[in-house]
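> Model the structure of this input:
(one chain, ligands or ions: 1)
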Amino acid sequence: MITPLIIANWKMAIDKNGVEAFKADWNSRPPMTGVDVVVAPPAPYLSVVSGLTGVSLCGQTVSENDMGAHTGEIAAAMLSDVGCQYVIVGHSERRQHQGETNAIVAQKAKRAQLAGLTPVVCVGEPSHIRAAGKAASYVRDQVLSSCDDLSDGLVIAYEPVWAIGSGEAASADVASSMHLDIKTALADRYADLRVIYGGSVKPDNCAAFTTAEGVDGLLVGGASLSAESFWNICAAAIGAE
Ligand code: 13P
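Model prediction:
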């Protein structure tokens, strides 16, 4: 059985006081077992988050370049140095606002793996593509182009753009069907692959996803900023809530 993977993506939505409050609250709760719990804080707070009980660290992005003259960028080796095991690449917010193409995302994922990190490659269709009935082929193309030339051991996060931060999560059926398509698309390339769902995941809808076929975990934005809410989501993933 695949161990569920639950990742908190705090984006740029929390300050140091918030991180400290999360940590105090999280560490006062019973430790999680049977689920891989991961937190992706803003990079300046990685060292603060390293004190979270039973939680692995994740970067929110990484440079596609090796170390060198790239002001403001973070090399994969640096994330690894400060204890990260995972890094998110190609989040739709970065594809949209930082111009990250599938080719750039593929390079970032490659850099991550070379530094020993597990890339969490984000894909997902905007609403007009779904309305046109082209979601499956759009996501398949993103997946194949963004995961070119990688080694085994990666995570794909299916995050439909219209579901992110909107309060309108995909249905578990929609997620399940897309996850199974993604697994089929990559079946002959990678054996060690988890496909997780993101987009308006909350404590009250998360179990519908984690029990759906093909869904190996969750990538949680807004509902991961409070320790109570994120703990409840992790507990639901193992049926312990
Ligand atoms: P929300 O859970 O706030 O919709 O964000 C999802 C997301 O983008 C996680 O990467």
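> only C-alpha atoms for contact and neighbour calcs from this point on.
Will do.
> any idea of the pLDDT on Ala240?
On the pLDDT scale, Ala240 is placed at 61.
> So what touches the longest helix along the chain?
Using DSSP state H to define each element, the chain has its longest helix at helix 172-186. Contacts to helix 172-186, defined as C-alpha atoms under 8 Å, 6 or more residues apart in numbering, come from residues 136, 139-140, 143-144, 158, 193, 195-197, 208-209, 212-215.
> same thing with stretch 123-136?
Here stretch 123-136 has contacts from 90-92, 138-139, 142-143, 156-162, 178, 181, using C-alpha under 8 Å, 6+ apart.
> Over to stretch 53-65?
Contacts of stretch 53-65 (C-alpha under 8 Å, 6+ apart): 9, 11, 26-27, 31-32, 36-43, 46, 49-50, 73-76, 79, 83-90, 104-105, 107-109, 111-112.
> Let's see that with 6 Å instead.
Residues outside stretch 53-65 that contact it (C-alpha atoms under 6 Å, 6 or more residues apart in numbering): 27, 37-40, 73-76, 84-89, 107-108.
> which among these end up buried?
Buried members of the contacts of stretch 53-65, counted by 16 or more other C-alpha atoms under 10 Å: 37-40, 74-76, 84-89, 107-108.
> Taking these together, which two end up most distant?
Largest separation among these by C-alpha to C-alpha: Val37 and Gln107, giving 25.7 Å.
> Ala13: neighbouring residues, count only.
Counted with other C-alpha atoms under 10 Å, the neighbours of Ala13 add up to 12.
> Using just helix, strand and coil, how would you label it?
Put simply, Ala13 is coil when judged by DSSP: H, G, I helix; E, B strand; the rest coil.
> just Ala8 next, same as before
Assignment for Ala8 (three-state DSSP): strand.
> Next step: the buried ones among the contacts of stretch 53-65 restricted to helices.
If you go by DSSP H, the buried ones among the contacts of stretch 53-65 have Ala76, Gln107, Lys108 in helices.
> At which residues are the strands of this structure located?
Taking DSSP state E, the strands of the chain run over residues 5-9, 36-40, 55-59, 84-89, 118-123, 154-158, 193-198, 217-220.
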